[in-house]
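Peer 1: Have a look; sequence and predicted model below, questions after that.
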Amino acid sequence: MTLQLPQPSYLRPAPGPQGLPVVGNMFRFSADKNILFHFIDLWNEFGDVVHVKIGSLKIFVVANPEHVHHVLVRHATNYIKGNGYGGFRLLVGQGLVTSDGELWRRQRRLMQPTFTPRAIVGFFDMMVATTAQILDRWHEPLRSGRPLCMDDAMAQLTMSVISKAIFGVDLGSGASGVSEAFQAAFAFVTERTLSGFPLPLRIPLPSHRRFIRNLDLIDSFVEKQIRASRDQPNQASLLATLLRARDPETGQPMSASQVRDEVVTLFLAGFETTARSLTWAWYLLARHPQVMAKLTQEVDQVLAGRLPTLEDLYRLTYTRMVVDEVLRLYPPTALLGRQTVADDMIGGYPIPAGSIVMLMPFMTHRHPAVWSHPERFDPERFQPGMADLRPKSSYIPFISGPRVCLGNNFALMEMTLALAMSAARYQLVETNVDEIGFAFRGSTCPTAALHLQLRPREGR
C-alpha cells in the first residue's frame with residue numbers, strides 16, 4: 001500500500017467551479033448576463049483567487065490588492081496584454097494600451113515626457129475655455145425647464161476637450177461624423193471582445209461592413225490631421241508633440257502608422273472613459289445632496305463666481321476627493337486581463353504559463369478587507385494622508401505599476417474642472433434619482449440614461 005501524503009498548500013489548484021469535459025465552465029457564462037457579474041459571482045463564491053476553464057483556456061480571477069500588486073507591479077514583466085486584446089487591436093492597432101515588449105517600452109519612452117504633470121498643465125486654459133463654452137450651451141434648455149441627459153452632455157464635453165488637445169479641432173458637435181465613427185467603432189470592438197467567439201472580419205456581416213466604413217473614416221481623418229500637423233510643426237497639440245518626439249535612446253521618431261495608433265488610442269481613452277466617469281459623478285452627487293452641497297460650498301469659496309485659475313485647481317481639495325471616490329466605486333475599467341509568460345504563483349496557487357489572469361478593479365475597490373462600508377459613497381475616504389494607510393494597489397482607477405495610464409493627470413484635471421465649473425453655474429433641482437445599474441462594456445457603463453433637472457444659479 002502506498003501512503004498518500006497531504007498535498008502541500010502551494011501545489012493545490014486554485015478553487016473554482018466544477019467543469020465539464022472539453023468545454024470546462026463555458027456554459028456558466030450565459031450571454032444574457034454581463035461578464036462583470038459572472039466574475040463577481042465567482043469571487044463571492046470562491047474567494048480571492050478563482051480558477052475557471054473555457055475550453056482549453058485557463059482563467060484566474062483575482063481581486064485582493066496583494067495579488068493585484070503582484071501582477072501589475074512586482075512581477076509585471078511576466079504579465080503581458082497578450083491575445084485578449086485582439087479585438088481592440090482592430091481599432092487602435094499597436095498603441096500603448098495593446099502593445100507589449102520592446103515596442104511598448106519604446107513608445108512609453110517617446111510619450112512619457114508629453115504626459116508629465118508639468119506638461120499636462122499646458123492644457124489647463126484650453127480645458128477651462130472649452131468647459132465654459134459647453135456650460136453656456138446648457139443655459140437655454142435648462143432655463144426652459146428641460147432635463148439634461150448627462151450621458152450626452154458629458155460625452156460632448158470630453159469629446160470636445162480631447163479632440164482639441166490632440167488635433168486642435170472640436171469634434172464635440174459631431175458635425176463631421178468622425179465622433180460618431182469613433183463611438184460606433186469602439187462599441188463594435190467592445191462587443192466583439194466580450195462575445196468570446198468573434199467571427200472573422202472578412203465575413204461580410206452588416207456589423208462588419210459598418211465597422212470597416214467607420215475605420216476608413218477614422219483613418220482618413222487622422223491621416224488628414226497628421227498632414228496638417230506636419231505643415232505646422234510648432235502647433236500646440238498632442239499630435240504635433242508626438243510627431244516631434246524622438247526616442248531618447250535612438251533619436252528616431254515614430255513611424256506614421258505608430259503615430260496613427262497612438263492618436264486613436266489617446267482619443268478613445270480620453271473620451272469614452274472620462275465621459276462615463278463624469279456621468280457616474282453626477283449620478284452619485286444627485287443621490288447624495290449633502291455631498292453636492294459641500295462641493296458647491298467649496299467651489300463658491302475658492303472660485304467666488306469666476307473661472308478657475310491653475311492655483312485654484314490645487315485648492316479644490318474636496319472636489320478632487322469626490323472625483324477619487326467616484327473612480328473608486330465606478331473605476332473606468334472594471335475588468336482587466338493579463339496573460340502569463342511563465343509559470344507563477346498567486347496567493348499560494350500555481351498559475352501556468354499562457355493563462356489569463358483577470359483582475360477586477362471593481363471588486364478590488366470594494367474589497368471588505370480594505371474598505372469599510374465599501375458600497376457607501378464617502379469622499380472623506382480620500383482625505384490627505386489616507387492613501388498611506390491602505391495596501392498598495394488597493395486603489396487602481398488608472399491601473400498601477402509600469403503600465404499606469406499615461407493620461408491619468410489629464411483625466412483628473414478634466415474631471416475636477418468639469419464638476420467645479422458646473423457647480424459654480426448650475427444647481428440640481430431634483431435629487432430623487434432612481435438607482436441605475438452598471439455593466440462592463442469596455443468601460444464601466446450605466447445601464448440606463450441619466451436625466452437631471454438643473455437650473456442656472458442666480459446671477460451666474
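Peer 2: Here it is on my side, so go on.
Peer 1: rest of the way, CA atoms for contacts and neighbours
Peer 2: Noted.
Peer 1: Quick check: which element contains residue 154?
Peer 2: Using DSSP states H and E, residue 154 maps to helix 150-167.
Peer 1: Can you list the low-confidence ranges for this structure?
Peer 2: 1-10, 173-176, 196, 431, 459-460 (pLDDT under 70).
Peer 1: need the strands for it, in chain order.
Peer 2: Counting by DSSP state E, the chain has strands at residues 49-54, 57-62, 79-80, 148-149, 336-340, 344-346, 349-351, 356-359, 426-428, 438-440, 444-446, 451-452, 454-456.
Peer 1: hang on, the earlier thing: alpha carbons of the helix holding residue 154, as CSV, please.
Peer 2: Provided in CSV are the C-alpha atoms of helix 150-167 (Å, rounded to 0.1, in the frame of the first residue of the first chain):
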residue,chain,number,x,y,z
MET,A,150,-25.9,63.8,-18.6
ASP,A,151,-24.6,60.9,-20.6
ASP,A,152,-24.8,63.0,-23.8
ALA,A,153,-23.7,66.2,-22.1
MET,A,154,-20.6,64.6,-20.6
ALA,A,155,-19.8,62.8,-23.9
GLN,A,156,-19.9,66.1,-25.7
LEU,A,157,-17.7,67.8,-23.1
THR,A,158,-15.0,65.1,-23.1
MET,A,159,-15.1,64.7,-26.9
SER,A,160,-14.5,68.5,-27.3
VAL,A,161,-11.7,68.5,-24.8
ILE,A,162,-9.8,65.5,-26.1
SER,A,163,-10.2,66.4,-29.8
LYS,A,164,-8.9,70.0,-29.1
ALA,A,165,-6.0,68.5,-27.1
ILE,A,166,-5.0,66.0,-29.7
PHE,A,167,-5.9,67.7,-33.0
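Peer 1: buried residues in it?
Peer 2: 150-151, 153-167 (16 or more other CA atoms under 10 Å).
Peer 1: for that helix, packing partners?
Peer 2: helix 124-143, helix 238-244, helix 256-268, helix 274-287 (3 or more CA pairs under 8 Å, 6 or more residues apart in numbering; DSSP states H and E).
Peer 1: Now do the last one and helix 150-167, the angle between them.
Peer 2: Right, the one you point to is helix 274-287. 140 degrees (axes from the mean of the first three to the mean of the last three CA atoms, to 10 degrees).
Peer 1: do the longest one as well
Peer 2: Put simply, helix 124-143 runs at 150 degrees to helix 150-167, going by the same axes, to 10 degrees.
Peer 1: can you pull the buried residues of helix 124-143?
Peer 2: 124, 127, 128, 130, 131, 132, 134, 135, 138, 139, 142.
Peer 1: which non-adjacent residue is nearest residue 456?
Peer 2: residue 426 (4.5 Å; CA to CA, 6 or more residues apart in numbering).
Peer 1: how close does the one you found sit to residue 143?
Peer 2: Counting by CA to CA, to the nearest Å, the gap from residue 426 to residue 143 is 10 Å.
Peer 1: on that earlier part again, please give me every residue in contact with the residue nearest to residue 456.
Peer 2: By CA atoms under 8 Å, 6 or more residues apart in numbering, the contact list for residue 426 reads 454, 455, 456, 457, 460.
Peer 1: same deal with residue 328?
Peer 2: Taking CA under 8 Å, 6+ apart as the test, what residue 328 contacts is 362, 365, 366, 395, 397.
Peer 1: and which of those residues is nearest residue 374?
Peer 2: Comparing those against residue 374 with CA to CA picks out residue 366 as the nearest, at 4.9 Å.
Peer 1: Could you tell me how many residues sit around residue 249?
Peer 2: Neighbourhood size, residue 249 [other CA atoms under 10 Å]: 9.
Peer 1: ok, now residue 193?
Peer 2: 18.
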